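Asker: The amino acid sequence is not available; the structure is as follows:
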């Protein structure tokens, strides 16, 4: 059973979504436009995390303010943008045994192919691209760009274009170096229990195992992505180091993703803490919410820099493609 579309697709209008998330069904992979300016100069794609939701993960619970689509929030700051969300099956709620056999590659490949097709159809292949990633969403985005970079063949040029056009990535609590499996499982169970008390978390889920400390999958993604990361503007956000905002895990309070994992100290990257627990660090109730002014200012800066930077990168890519095509013709002649 699949989740029905919950968002009314209509550029420049306020989005509408269901009042509650039904965890009885898995969210299907889908790319949804939540705002579109008259002449967009940049695409922004938001990706939710583990047990997350394309809309709910970015919606303040008390005010129901969806800052990505509310025209008083990000669309007001980035009028000439197109803002999208990407949904994918990331549930760890177990009903009949293990629920998640999906791999990072499957999710990442779907993201890359869906986004590439959408941008091709809308004549936006060369448009600058910025990712907003919460938790697991950051791992999916990194893997998608690794995949896109490798698609250099003529039939997959529209997918490779994602790599060329990506200008910046904002990571919110992404476990780049893994996290405590026990804390992650406890956190997921509390999220599920608050909505569906009868359900239990599948602690053997492949998604949870892949995110734990020492994960070989995470290490492989990091090893493949880090050499490419210097091409992008990167901003790391972590759960602020304040006792009162640690996540309630039931028997204790702790961080879901530590600062060292969420915001590794790397050259030419930016980093900052957000005074909120893991689940709420990418939810902003108003323009004055902790973290929003910095996030908005960063996105504005990146968006202003992007067109010139990406135009230069496409010029370089065109020359590289020309040389590659010439080499292919020479091989055929020989």
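Answerer: All right, it came through fine. Computed from a predicted model, the values in this text were never measured in an experiment.
Asker: what residues are up against the nearest residue to residue 62 once chain neighbours are set aside?
Answerer: Spatially, and ignoring its direct neighbours in sequence, residue 62 is nearest to residue 285 (6.3 Å; CB to CB, 6 or more residues apart in numbering). For the C-beta atoms, the positions are set from N, CA and C on the backbone; glycine is no exception. Residues in contact with residue 285 (CB atoms under 8 Å, 6 or more residues apart in numbering) are 60, 62, 63, 65.
Asker: Quickly find the element holding the second one.
Answerer: Secondary structure assigned from DSSP states H and E places residue 62 in neither a helix nor a strand.
Asker: quick one: pLDDT of it?
Answerer: Model confidence at residue 62, given as pLDDT, is 89.
Asker: As a check, name the ranges of all helices in the chain.
Answerer: 74-77, 104-121, 136-150, 157-165, 181-195, 206-211, 216-229, 259-262, 292-333 (DSSP state H).
Asker: So which of those is the most surrounded?
Answerer: Highest mean neighbour count among these (mean count of other CB atoms under 10 Å): helix 136-150, with a mean of 25.
Asker: what's the farthest-apart pair in the contacts of residue 285?
Answerer: Greatest spacing in the contacts of residue 285, by CB to CB: 62 and 65 (8.6 Å).
Asker: And these two? Which one has more around it.
Answerer: A direct count of neighbours by other CB atoms under 10 Å for residue 62 and residue 65 places residue 65 higher, at 19 against 7.
Asker: That one: what's its closest spatial neighbour, skipping adjacent residues?
Answerer: Using CB to CB, 6+ apart, the nearest residue to residue 65 is residue 285, at 5.3 Å.
Asker: Dihedrals phi and psi, that neighbour?
Answerer: Main-chain dihedrals, residue 285, degrees, to the nearest 10: phi -80, psi -30.
Asker: give me the low-pLDDT residue ranges for the chain?
Answerer: 1-29, 91-103, 178-215, 241-255, 321-334 (pLDDT under 70).
Asker: Bridge partners for residue 85, pull those for me.
Answerer: residue 32, residue 46 (DSSP bridges).
Asker: same deal with residue 272?
Answerer: Bridge pairing for residue 272 - DSSP bridges - gives residue 237.
Asker: now it: how far from residue 231?
Answerer: 22 Å (CB to CB, to the nearest Å).
Asker: likewise residue 151?
Answerer: The value you get for residue 151 to residue 231, if CB to CB is used, is 16 Å.
Asker: who's more crowded, these two?
Answerer: residue 151 (19 against 15).
Asker: List the contacts of the more buried one.
Answerer: By CB under 8 Å, 6+ apart, the neighbours of residue 151 are 112, 157, 159, 160.
Asker: how does it look with 10 Å?
Answerer: Neighbouring residues of residue 151 by CB atoms under 10 Å, 6 or more residues apart in numbering: 109, 112, 113, 116, 157, 158, 159, 160, 161, 162, 163.
Asker: just residue 268 next, same as before
Answerer: Counted by CB under 10 Å, 6+ apart, residue 268 has contacts 229, 230, 232, 233, 234.
Asker: Export those residues to TSV and append columns for distance to residue 218.
Answerer: Output for the contacts of residue 268, formatted as TSV (distance: CB to CB, whole Å):
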residue	distance to residue 218
229	15
230	20
232	19
233	22
234	17
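Asker: Please check the residues you listed and keep the buried ones.
Answerer: 229, 232, 233, 234 (16 or more other CB atoms under 10 Å).
Asker: And the furthest pair within those residues?
Answerer: It's 229 and 233 that sit farthest apart of those, by CB to CB, at 9.9 Å.
Asker: Between those two, which contacts overlap?
Answerer: Common neighbours of residue 229 and residue 233 (CB under 10 Å, 6+ apart) are 169, 268, 269.
Asker: Take these and write them to CSV, including distance to residue 277.
Answerer: Output for these, formatted as CSV (distance: CB to CB, whole Å):
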residue, distance to residue 277
169, 22
268, 29
269, 23
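Asker: shared neighbours, residue 62 and residue 65?
Answerer: Going by CB under 10 Å, 6+ apart, residues that sit against residue 62 and also against residue 65 are 283, 285.
Asker: what's near enough to touch residue 226?
Answerer: Listed by CB under 10 Å, 6+ apart, the contact set of residue 226 reads 142, 176, 264, 266.
Asker: and the gap between it and residue 218?
Answerer: From residue 226 to residue 218 the distance is 12 Å (CB to CB).
Asker: got any residues that touch both of those two?
Answerer: Common neighbours of residue 226 and residue 218 (CB under 10 Å, 6+ apart) are 142, 176.
Asker: Of the contacts of residue 226, which is the nearest to residue 70?
Answerer: Using CB to CB, the contacts of residue 226 come closest to residue 70 at residue 142, 27.9 Å.
Asker: Let me see the contact set for that closest one.
Answerer: Each residue near residue 142 by CB under 10 Å, 6+ apart is listed here: 104, 108, 131, 133, 169, 171, 174, 176, 218, 221-222, 224-226, 228-229.
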